Each structure stands twice: as C-alpha cells, then as structure tokens.
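> Sequence plus predicted model, see below.
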Amino acid sequence: MITLLQVIVLIFIVFFIFPGRKIFRRSKHLQDGRKLISSSSLMLRKFGSSRGYNADYYFDMQYLYEVADSITTAIPLTSIIEAKPGTTRVSGRSVWSVDWITAEGQRKQTRFLHNYTLFNRNFATFLKTVKQANPDACITSLTLFTL
C-alpha cells in the first residue's frame, strides 16, 4: 500500500509540478526557425500579475514573438529599447523585463522568466541580437548575478 502511494506521489510530481510539460505545444514555433527564450512557471502563471507570464517568447533575427493563447504578436527587435532583470526570482532565475516602443509611440513592457541553461543559450543570443539590431538599446548583460 505504501509503495502504491509513493508511485502516485511521484506521478503527481512529474506531471503537475515540473514546468517542462509544454514542449510539444511549442514545437511548431521551433520549426519556423524561432528560438524559445522563456520558461514557464506554474507559480507565475497562477499568481503572477503580468500577462507575459501566460505567454511563451521566441525570437529570430528580426522579431521577438509573444505567443499567448495561440495569438502571436511580433515585436521588431529594432523597437526594443531596454532588456533588464527584475527583482523577482523564481527557482533561482530572474524575471526579465523587455521594453519597446510601438509604431504609435507608446512604451510597452513584458516580463518573463528566461530559459538560459548550460546547454540552452538562446536567451544570451537574444540579448546580443537585440543589441546588434538597436545599438542604442539599454541591454543588461548576463552575469552570474543577473541570471
């Protein structure tokens, strides 16, 4: 009886707590040459105040893509003016904010949890690509303290 309970608890942990469950929904965007730069967090999705926590973020050489509820918004990398880590940390990772100017001149911001790891450096590539697209942008570089 105790082993059955342990197996049920293990299944619960694997399927409901670990955030890597969405990989199959993300695959169609990865086929377009876009690189994923955000990570999901169950806590931020349920209790976070920013709508960016419920979206996935991808980028290519020209755009940052926000995919929320199968609606894709393209943000030109040349319009991004700032990318910096916030003070919120989840599982040892900083929540980053990205600010941009719309075509109408409005300043907009989104916040998301990055997915930078030893084997996945897409987020660092994103920051470099934004700096190349807009040299005037204020981009905080990745360090041990800003991850």
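The structure has been received and is ready for your questions. Numbers count the residues shown, from 1 in each chain.
> Quickly run through the sheet partners of the longest strand belonging to the chain, with directions.
The strand that spans the most residues within the chain, counting by DSSP state E, is strand 80-90. Strand 80-90 has these partner strands in its sheet, going by DSSP bridges: strand 93-101 (antiparallel), strand 138-139 (parallel).
> how much space is there between the spatially most central residue of the chain and Arg93?
The centroid of the chain falls nearest to Ser38 when counting by CA atoms, centre = their mean (1.8 Å). Using CB to CB, to the nearest Å, one gets 11 Å for the distance from Ser38 to Arg93. In short, each C-beta sits where N, CA and C put it, glycine included.
> so what's Asp60 closest to, chain neighbours aside?
The shortest distance from Asp60 to any non-neighbouring residue, by CB to CB, 6 or more residues apart in numbering, is to Arg34 (5.2 Å).
> OK, contacts around the one you found?
Contacts of Arg34 were listed using CB atoms under 8 Å, 6 or more residues apart in numbering, and they are Tyr58, Phe59, Asp60, Tyr65.
> pLDDT below threshold where in the protein?
Across the chain, the ranges flagged by pLDDT under 70 are 1-2, 14-31, 41-53, 117-119, 144-147.
> how does it look with 90?
Within the chain, the ranges that satisfy pLDDT under 90 run 1-61, 66-73, 85-96, 103, 110-127, 137-147.
> what about the helices in it?
Remark: helices of the chain, listed N- to C-terminal, are 2-12, 23-31, 42-47, 122-133; assignment by DSSP state H.
> Could you count how many residues lie near Val130?
Burial of Val130 is recorded as 22 neighbouring residues (other CB atoms under 10 Å).
> The one 4 residues further on now?
Burial of Asn134 is recorded as 18 neighbouring residues (other CB under 10 Å).
> list the contacts for it?
Residues Leu77, Thr78, Ser79, Ile80, Ile81 are the ones in contact with Asn134 under the rule CB under 8 Å, 6+ apart.
> Derive a ChimeraX selection command for the buried subset of the residues you listed.
Selecting the buried subset of the contacts of Asn134 in ChimeraX, with 16 or more other CB atoms under 10 Å as the burial test, is done by:
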select :77,79,80,81
